[in-house]
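Asker: Take this sequence and fold it.
(one chain, ligands or ions: 1)
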Amino acid sequence: MSDNGRVTGQPPAPDDLTVQDSPSVPDDPTAALNPRLPSPLQEVEDERFARHGLRLLLKRDDLIHPRLVGNKWRKLAPNLRAAAGRPLLTFGGAYSNHLRATAAAGHLLGLPTIGVVRGQELADRPLNPSLARCTADGMRLHFVDRSTYRHKSDPATLAAVLRAADAQDAYVVPEGGSNALAVRGCQDLGAELRGRADVAALACGTGGTLAGLAAGLASDQRALGIPVLKGGFLDEEIRKLQDRTFGGPRGNWSLDDRFHFGGYARTSAELDAFADDFETRHSLPVEHLYVAKLLYGLVALAAEGAFPPGTTVAAVITGRPFPEHTA
Ligand SMILES: Cc1ncc(COP(=O)(O)O)c(C=O)c1O
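Answerer: Coordinates of the predicted model:
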């Protein structure tokens, strides 16, 4: 990759394929945060793709904003507009990227934020670096037991959590940020990739980003999701998200369930070595929970001959490692 692949290389470089301008919305509080939209699209030379006649592009959503990184920007920005200044309450595990991004958004926009954290037992322990970052950004943490957390979408349980957190006036964003507004926000990601790639690939947690991405692509493009959780429930979830958002299925998309490495946050020496190697080859800071599994999956699929020669694959870089480091 050229110099433009480094996170510090903000000015557009020659291989930055970005061409469009970002639309502006009147009274949009997020506009003041100067997101880099559309995000850069960069071609990388990688013989593991080239030898099969494939082009690999990196869709650098990790460069949209230094604190609201990747799909977090796309999902949170529409919700921040809808919150219209109300406190934001959301949910996450102890290492949630989404909680950190919500806290950062609150800090940047002067909005109170409340994070409902899975695991009552954590309340009595020192905060891990991820939760410490949330509180440094002003997020108030409210710990709940795992059973309550599991039932947080039931109206009665949610109402009880809001009462206990003294947050009845809050604007509630679901775990992972994947509501209908977020899915619509991710549609822009698809729109930015129209005409630029045959396949747009990304790692999936809740599936919200894929649901929107697929809807934004043109009819001759397809989205490929690599779930990082084990369980095979995601097809159904994505269908539900598209139903709720658009009233029915949208776009061409599929999932390949073979690259979760045992489940969320599970890894192996092979995956870690792969991620380190990719980072060195392409000067790309590789986020390990999601992005490493995506890139590993794409290299494996290229080797299997899953993409016909002549295919251009865009890998969406949905996040950055935490704690931050420069490759
Ligand atoms: C870096 C990164 N990539 C991808 C995802 C998956 O997004 P989604 O939950 O919309 O599938 C997440 C979700 O938290 C993430 O943090």
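Asker: which residues of the stretch 201-327 of the chain score low on pLDDT?
Answerer: Across the stretch 201-327 of the chain, residues meeting the criterion (pLDDT under 70) sit at 324-327.
Asker: Just want the residue of the stretch 201-327 of the chain that's nearest the ligand.
Answerer: residue 319 (2.4 Å; C-beta to the nearest ligand atom). The C-beta positions use only the backbone N, C-alpha and C, and glycine is treated the same way.
Asker: looking at this, that residue is in a strand?
Answerer: No - counting by DSSP: H, G, I helix; E, B strand; the rest coil, residue 319 is not part of a strand but coil.
Asker: Which pLDDT does the model give residue 29?
Answerer: pLDDT, residue 29: 87.
Asker: where's it relative to the ligand, distance?
Answerer: Going from residue 29 to the ligand by C-beta to the nearest ligand atom, to the nearest Å gives 22 Å.
Asker: quick one: the residue lying closest to that residue once chain neighbours are set aside and residue 280, what's the gap?
Answerer: The shortest distance from residue 29 to any non-neighbouring residue, by C-beta to C-beta, 6 or more residues apart in numbering, is to residue 109 (5.5 Å). Here residue 109 is placed at a distance of 36 Å from residue 280 (C-beta to C-beta, to the nearest Å).
Asker: and stretch 292-306, anywhere near the ligand?
Answerer: No - applying C-beta under 6 Å from any ligand atom, one finds stretch 292-306 separated from the ligand by no less than 8.0 Å.
Asker: Name the residues of the stretch 151-300 of the chain found near the ligand, please.
Answerer: Close to the ligand, as judged by C-beta under 6 Å from any ligand atom, the stretch 151-300 of the chain has residues 176, 178, 203-209, 287, 290.
Asker: And for the stretch 1-150 of the chain?
Answerer: So far as C-beta under 6 Å from any ligand atom goes, the stretch 1-150 of the chain lies against the ligand at 70-71, 97-98.
Asker: residues touching residue 251, list them.
Answerer: 190, 213-217, 222-223 (C-beta atoms under 8 Å, 6 or more residues apart in numbering).
Asker: that older thread, take the residues of the stretch 1-150 of the chain next to the ligand and keep only those in helices.
Answerer: 71, 97-98 (DSSP state H).
Asker: Give me the buried stretch members for stretch 182-195, please.
Answerer: In terms of neighbour count (16 or more other C-beta atoms under 10 Å), stretch 182-195 has its buried residues at 182-193.
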